[in-house]
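In: pasted the sequence and its predicted model underneath.
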Amino acid sequence: MTVEYGYRMIAVRLGDDGWARSLPGAPGSAVVIARQGNEETLARQLARELLDRLP
């Protein structure tokens, strides 16, 4: 899943351990940022990160 706001973009994927994203500069890495079933928490975290990055 890719979330975009303006020119900002965050890509996450659902794996066995939950929702994960790659570390900056390490495309093959995966860090779990929310467990499956916690999509509301994931949505809040992504929105907060996107909005905090606005110029």
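Out: Received the coordinates, thanks.
In: only C-alpha atoms from now on, for both contacts and neighbour counts.
Out: Will do.
In: now residue 26: how far from residue 8?
Out: 18 Å (C-alpha to C-alpha, to the nearest Å).
In: so if I had to pick from the two, which one is more boxed in?
Out: It is residue 8, of residue 26 and residue 8, that has more neighbours when counted by other C-alpha atoms under 10 Å, with 12 against 8.
In: show the backbone phi and psi for the spatially most central residue of the chain.
Out: In the chain, the centroid-proximal residue (C-alpha atoms, centre = their mean) is residue 12; its distance is 4.5 Å. With angles defined as degrees, to the nearest 10, residue 12 sits at phi -130, psi 160.
In: tell me which element the residue lying closest to it once chain neighbours are set aside falls in.
Out: Spatial nearest neighbour of residue 12, chain neighbours left out: residue 21 (4.6 Å); criterion: C-alpha to C-alpha, 6 or more residues apart in numbering. If you go by DSSP states H and E, residue 21 is part of strand 18-23.
In: just checking, what packs against the strand ranked longest in the chain?
Out: If you go by DSSP state E, the chain has its longest strand at strand 26-34. Applying 3 or more C-alpha pairs under 8 Å, 6 or more residues apart in numbering; DSSP states H and E, one finds that strand 26-34 makes contact with strand 18-23, helix 39-52.
In: buried residues, it. List them.
Out: 32, 33, 34 (16 or more other C-alpha atoms under 10 Å).
In: same list (those residues) but as a markdown table, adding distance to residue 4 and pLDDT.
Out: Shown next, in a markdown table, are the buried residues of strand 26-34 (distance: C-alpha to C-alpha, whole Å; pLDDT from 0 to 100):
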| residue | distance to residue 4 | pLDDT |
| --- | --- | --- |
| 32 | 19 | 91 |
| 33 | 17 | 89 |
| 34 | 18 | 92 |
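In: ok, so of these, who is nearest residue 50?
Out: Comparing these against residue 50 with C-alpha to C-alpha places residue 33 closest, at 14.7 Å.
In: now the angle between strand 26-34 and the strand holding residue 21, please.
Out: Here strand 18-23 runs at an angle of 140 degrees relative to strand 26-34 (axes from the mean of the first three to the mean of the last three C-alpha atoms, to 10 degrees).
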